[in-house]
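Trainee: Could you look at this predicted model? Sequence included:
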Amino acid sequence: MGAATLVALTAVTAASQIGQGYAQKAEAKYNATILEGQAGMIQIQKDIENAQYERLKARTWSTSMAQTAGAGLKPTGSAAAVMLDTQTQIGIDQAVGQFNFEMQKQYKQGEADAMRRKGKMAVQAGWTNAFTTMLQGGYQASTRLGQPKLGPTSPPSTKTDKSSPSKNQQR
């Protein structure tokens, strides 16, 4: 393979790596949008459940008042304590449900954020890989064109000059 072909192949590979990074970013953005949609659906579920609990509390209060009045009692004392306890228990269940939905929603939003970061990192990785490929291709092309390689061009000389006698030979 000639140097020109190697340079062209290096350029195509580098462009492909950059393109892959952007393609992964687009996919991550699409997936993040889906996750955000799921978080929105969880918010809708949370709102629906909240409204259901509010209706339950109102219906329970109305039923309790009607039964107490029907029995000829006033809503005071033990009867009032029972009604308030029932309302409190429904309120606790409501709060637990709302908390659980909020945690699910936050988790989905966190996943969406992580997906977007992953996409940005894919673009950076694509550019980094492309730069590395271009450096490697440039080096390979330069060595094929006969340019000197980095480092020494010939091994250091280890020959000793035998024409002059050493000090031990002179004695």
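Mentor: The structure has been received and is ready for your questions.
Trainee: Nearest residue to the middle of this structure?
Mentor: residue 114 (2.3 Å; Cα atoms, centre = their mean).
Trainee: so which helix or strand takes in that one?
Mentor: Element membership for residue 114 (DSSP states H and E) is helix 77-144.
Trainee: list the helices and strands that helix packs on?
Mentor: helix 3-70 (3 or more Cβ pairs under 8 Å, 6 or more residues apart in numbering; DSSP states H and E). Quick note: C-beta positions are derived from backbone N, CA and C, even for glycine.
Trainee: by contact count, what packs against the helix it packs on?
Mentor: Partner elements for helix 3-70 (3+ Cβ pairs under 8 Å, 6+ apart): helix 77-144.
Trainee: by how many degrees do the helix it packs on and helix 3-70 diverge?
Mentor: Orientation check (axes from the mean of the first three to the mean of the last three Cα atoms, to 10 degrees): helix 77-144 against helix 3-70 gives 180 degrees.
Trainee: circling back to that earlier point, avg pLDDT for the helix holding residue 114?
Mentor: Per-residue pLDDT values across helix 77-144 average out to 94.
Trainee: ok, residue 5 to residue 11 distance?
Mentor: From residue 5 across to residue 11, the span is 11 Å (Cβ to Cβ, to the nearest Å).
Trainee: and what of residue 78?
Mentor: From residue 78 across to residue 11, the span is 87 Å (Cβ to Cβ).
Trainee: Can you pick out the residue with more neighbours from these two?
Mentor: residue 11 (14 against 8; other Cβ atoms under 10 Å).
Trainee: who's in contact with the more buried one?
Mentor: 134, 137 (Cβ atoms under 8 Å, 6 or more residues apart in numbering).
Trainee: Check the gap between it and residue 18 for me.
Mentor: For residue 11, the distance to residue 18 - Cβ to Cβ - is 11 Å.
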